[in-house]
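Novice: need a 3D model of the sequence below.
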Amino acid sequence: MTKRALPVNGVTGSGRAFKVLAQDNNGTAKMIKSKDAKPSRALRGRAGRMQGGRGSGRASTGAVRLWGHHAVEAALLNPERKHRKLWATREGIAALDGELPANFPLEYAQAADLARLVARDAPHQGLVLECDGLEDVYLGDVLEGDPARPIVVLDQVTDPHNVGAILRSAAAFGAVALVTQDRHAPPESGVVAKSASGALEIVPWVRVVNLARALEEIAEAGYWRIGLDGTAELTMAEALPAGPVALVLGSEGEGLRHNIAQHCDALARLPMSGAIESLNVSNAAAIALYAAATRPSMED
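Specialist: This next block holds a predicted model:
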């Protein structure tokens with residue numbers, strides 16, 4: 001079967017989109033066909049000297065560098081992305097779900113060469129994409145979304161692997177957005193994108209200056225704010241409301257800061273056996289999101 005064109009942005013020419021990334025009512029990613037889709041010409045590229053030092057993982061000024069099959073494919077499928085250049089092996093290109101426009105800035109390379117473009121030992125899977133960062137998302141816009149879908153709020157979770165994993169769980173369980181404090185969260189990066197396995201392109205990531213003020217705005221929009229705390233009296237099941245909910249998680253070790261806990265309507269714990277003291281914050285987020293997704297619906 002002949003591949004169709006990927007809906008890439010940031011390039012000129014006549015490449016038309018065959019597939020675009022969308023969300024259904026539950027926030028699940030899905031592909032839909034474009035009405036004016038046309039086949040593109042064959043891929044073109046040239047082998048050449050690779051730019052960027054080994055293990056740097058750094059992109060050009062104002063850009064981010066993504067790697068790995070799911071992260072790169074999701075970015076190419078995201079019509080909001082502006083792409084600058086793709087370095088790839090022929091096997092990596094063949095594995096993409098779609099075809100690039102003929103004029104897309106593509107450079108074929110060996111896997112060993114791609115390793116010089118990403119963080120040391122990063123699993124690039126034959127694909128490295130340099131693109132502009134995503135546009136800012138504003139909390140007010142998010143709060144106008146589906147109130148049946150939870151919001152995830154992170155208080156100083158700085159590990160990019162954890163943030164990426166939480167984005168992945170947020171996409172899986174239909175969260176409407178991720179909210180972090182701008183100064184105490186990792187930047188958009190290849191590590192976050194790889195850990196998110198494509199979810200960075202799906203879940204809106206809101207960065208705010210003042211997290212406490214953001215929680216006040218979330219409450220004014222009708223959300224019940226639940227902070228996860230291993231010492232809380234209530235379990236997650238007991239604290240979950242039937243209506244809109246925001247799940248607030250703190251950093252590993254420190255947990256929720258006192259001021260952020262004070263801005264929650266309830267504190268809740270996961271019903272753990274006691275065999276271990278705590279869970280990784282990304283695991284805790286996944287469990288809390290599952291609990292929110294499986295609670296009785298707002299109409300029940």
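
Novice: could you use CA atoms for every contact and neighbour count after this?
Specialist: Noted.

Novice: would you map the strands across the stretch 1-150 of the chain?
Specialist: Assigned strands in the stretch 1-150 of the chain, in chain order: 19-23, 29-33, 63-67, 83-88, 106-108, 127-132 (criterion: DSSP state E, counting those that start in this stretch).

Novice: quick one: residues contacting the residue nearest the centre of the chain.
Specialist: Centroid-nearest residue in the chain, with C-alpha atoms, centre = their mean: residue 200, separated by 2.1 Å. By C-alpha atoms under 8 Å, 6 or more residues apart in numbering, the residues touching residue 200 are 71, 164, 167, 168, 192, 193.

Novice: centre of the chain to the helix or strand that contains residue 246, how far?
Specialist: Under the criterion of DSSP states H and E, residue 246 resides in strand 245-250. Remark: strand 245-250 is offset 17 Å from the chain centroid, using C-alpha atoms, centre = their mean, to the nearest Å.

Novice: send the alpha carbons of that strand over as PDB?
Specialist: Coordinates of each C-alpha in strand 245-250 appear next as PDB, following Å, rounded to 0.1, in the frame of the first residue of the first chain:
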ATOM      1  CA  VAL A 245     -11.300  17.000  40.000                       C
ATOM      2  CA  ALA A 246      -7.700  18.200  40.000                       C
ATOM      3  CA  LEU A 247      -5.100  15.800  41.200                       C
ATOM      4  CA  VAL A 248      -2.100  17.500  42.900                       C
ATOM      5  CA  LEU A 249       1.100  15.600  43.300                       C
ATOM      6  CA  GLY A 250       4.400  16.700  45.000                       C
END
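
Novice: parallel or antiparallel, list what pairs with that strand.
Specialist: Paired with strand 245-250 in the same sheet, following DSSP bridges, are strand 151-155 (parallel), strand 224-228 (parallel).

Novice: first-to-last residue distance for stretch 239-258?
Specialist: One end of stretch 239-258 sits 19 Å from the other (C-alpha to C-alpha, to the nearest Å).

Novice: contacts for that stretch, please.
Specialist: Taking C-alpha under 8 Å, 6+ apart as the rule, stretch 239-258 contacts 147-158, 218, 222-229, 264, 266-268, 280-281, 285, 288-289, 292, 295-298.

Novice: one step back: rebuild the contacts of residue 200 as CSV, extending it with distance to residue 248, pLDDT and secondary structure.
Specialist: Below are these laid out as CSV (distance: C-alpha to C-alpha, whole Å; pLDDT from 0 to 100; DSSP: H, G, I helix; E, B strand; the rest coil):
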residue, distance to residue 248, pLDDT, secondary structure
71, 26, 96, helix
164, 16, 97, helix
167, 14, 98, helix
168, 16, 98, helix
192, 19, 96, helix
193, 22, 96, helix
